[in-house]
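Engineer: Predicted structure and sequence below. I'll ask about it afterward.
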Amino acid sequence: MGKVTPELHSLMVRGGFRYDAKKDKYFMAGEAEWDRQKRIDKGKKQYAVPASTVEEFHAEEEKMVDSLLERLKKKAGSEGRSAAQDDGEEKPKKAKRKQVEEEEEEEEEDAEAARKAKKAKKAKAKQAQEEEEEEDE
């Protein structure tokens with residue numbers, strides 16, 4: 001263990017170093033435990049499920065989803081809604097979509113009526129001009 005105390009040796013091993021007794025030196029062998037834990041915590045905030053095996057992944061994923069659902073149900077309950085009322089939120093969106101579509105149809109009808117009125121006005125003007133030309137002759 002060379003020139004370091006046992007506490008420092010254990011800290012260096014946890015920090016990702018490997019001790020070579022033949023050379024009496026420490027070599028970097030991997031990442032530190034605290035760096036790995038920091039990455040895992042960051043991933044959990046992003047709803048990732050860290051695991052080293054498939055079985056562990058499935059178990060942790062199920063726990064995470066259950067805790068997330070519980071938290072969301074409590075939040076909905078504190079806002080005075082129940083989980084069944086969440087379906088009602090989509091209906092106004094559909095109604096709004098219908099309303100927007102109706103408004104667009106009305107705008108199109110208005111534009112069409114304006115075009116027809118403009119055409120009729122041009123036709124009257126053209127007819128009036130033709131009548132003037134006939135009178136001039």
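Structural biologist: Great, that's in hand.
Engineer: Now do the helices in the protein.
Structural biologist: With DSSP state H, the ranges of helices along the chain come out as 6-14, 33-45, 54-78, 90-136.
Engineer: Please compute how far the longest one lies from its chain's middle.
Structural biologist: Helix 90-136 has its average C-alpha position 42 Å from the chain's average C-alpha position, going by C-alpha atoms, centre = their mean, to the nearest Å.
Engineer: tally of neighbours for Glu105?
Structural biologist: The number of residues packed near Glu105 is 10, by other C-beta atoms under 10 Å. To be clear about C-beta, it is placed using only N, CA and C from the backbone, and glycine gets the same treatment.
Engineer: Look up how far Lys3 lies from it.
Structural biologist: According to C-beta to C-beta, to the nearest Å, Glu105 and Lys3 sit 85 Å apart.
Engineer: Now do the same contact list for the spatially closest residue to Lys44 that is not a sequence neighbour.
Structural biologist: Once flanking residues are discounted, Lys44 sits nearest to Pro50: 7.2 Å by C-beta to C-beta, 6 or more residues apart in numbering. Pro50 makes contacts with Ile40, Gly43, Lys44, Glu60, as judged by C-beta atoms under 8 Å, 6 or more residues apart in numbering.
Engineer: okay if I get the residues you listed as TSV plus distance to Phe27?
Structural biologist: Output for the contacts of Pro50, formatted as TSV (distance: C-beta to C-beta, whole Å):
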residue	distance to Phe27
Ile40	25
Gly43	28
Lys44	31
Glu60	33
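Engineer: Please tell me which one of the residues you listed counts the most neighbours.
Structural biologist: That'd be Glu60 among those, by other C-beta under 10 Å, with 15 neighbours.
Engineer: just the contacts of Pro50 now: which is nearest Leu68?
Structural biologist: Lys44 (11.1 Å; C-beta to C-beta).
Engineer: got the contact list for the residue most central in space within the chain?
Structural biologist: The residue lying closest to the centre of the chain (C-alpha atoms, centre = their mean) is Gln46, at 11.2 Å. Applying C-beta under 8 Å, 6+ apart to Gln46 gives no contacts.
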